[in-house]
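**Q** I would like to see how this sequence folds:
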Amino acid sequence: MTYNGGGDVFLVGSRFEVEGRHAEVMLQTLPPLIRVEASNDRAKLRLYIDLMMDELRGGRPGAFQMAQNLSHMMLAQTLRLYIEGLPEGEVGWLAALADPKLGPCLKAMHSAPAHSWTVEELARIAGMSRTSFAQHFRDRVGETPISYLTRWRMMSAAAKLVREQDTITQISMSLGYSSDQAFNTAFKRVTGQSPRLYARRQKQGAEA
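**A** Numbers count the residues shown, from 1 in each chain. Prediction:
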């Protein structure tokens, strides 16, 4: 296409659908527009675009799947560049993931939500004192480490409740709760609904 009577402009569009509480956390921290400016980074994305267009034009077997995978690579690369370019004082989930001290702590909690994490244990992973870690975590994430862990557990529980593959007892045990009552109390405190009510309303919304 030609823009404003000038030279050629190459335009590629992709649309991604995300769902679930984890997706909400990420989308809430993203700006409406991400612009990739560094030449080296543009070159990487342009390579993905060229490969995608080659697949779509060639019409070879598996071309659509190849193009889909390349579009996912473009999205991941763009998000990575955005995270790496966040300013030092940025607050939020993505900023914490990019933080060299907090990133490993978040990954540890995400990979083992059932573990009985303590602030002292997380501080050791970050290589910081307990007090410094707790303050740094609150400054970058906007909440305490234990509050974040509880919220992450409840987001994981919400996703499992929607899939309806596990019982409430199985879900509570997989997230480190010793009883259904303790899990129900934590879930209602975070979401404002009981697990059963949440699952029922999500199902009704999907059927509407």
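
**Q** Which element, helix or strand, includes the residue nearest the centre of the chain?
**A** Taking Cα atoms, centre = their mean, the centroid of the chain lies closest to M26, which sits 4.6 Å from it. Assigned by DSSP states H and E, M26 falls within helix 21-28.

**Q** Check which helices and strands the longest helix along the chain is in contact with.
**A** In the chain, ranked by residue count with DSSP state H as the criterion, the top helix is helix 63-84. Judged by 3 or more Cβ pairs under 8 Å, 6 or more residues apart in numbering; DSSP states H and E, helix 63-84 is in contact with helix 39-58, helix 93-98. Where you see a C-beta, it was placed from the backbone N, CA and C, and this is true even at glycine.

**Q** What ranges in the protein fall below the confidence cut-off?
**A** 1-2, 10, 12, 20-22, 25, 38-39, 206-208 (pLDDT under 70).

**Q** quick one on the thing from earlier: convert the C-alpha atoms of the longest helix of the chain to CSV, please.
**A** The C-alpha trace of helix 63-84 is given here as CSV (Å, rounded to 0.1, in the frame of the first residue of the first chain):
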residue,chain,number,x,y,z
ALA,A,63,1.9,-23.1,5.9
PHE,A,64,-1.0,-21.8,8.1
GLN,A,65,0.4,-23.5,11.2
MET,A,66,3.9,-22.1,10.4
ALA,A,67,2.4,-18.6,10.1
GLN,A,68,0.6,-18.9,13.4
ASN,A,69,3.8,-20.0,15.2
LEU,A,70,5.7,-17.1,13.7
SER,A,71,3.0,-14.6,14.8
HIS,A,72,3.3,-16.0,18.3
MET,A,73,7.1,-15.5,18.1
MET,A,74,6.5,-11.9,17.0
LEU,A,75,4.2,-11.3,20.0
ALA,A,76,6.6,-12.9,22.4
GLN,A,77,9.5,-10.8,21.0
THR,A,78,7.5,-7.6,21.2
LEU,A,79,6.5,-8.2,24.9
ARG,A,80,10.1,-9.1,25.7
LEU,A,81,11.3,-5.9,24.3
TYR,A,82,8.7,-3.9,26.1
ILE,A,83,9.6,-5.5,29.4
GLU,A,84,13.3,-4.9,28.9
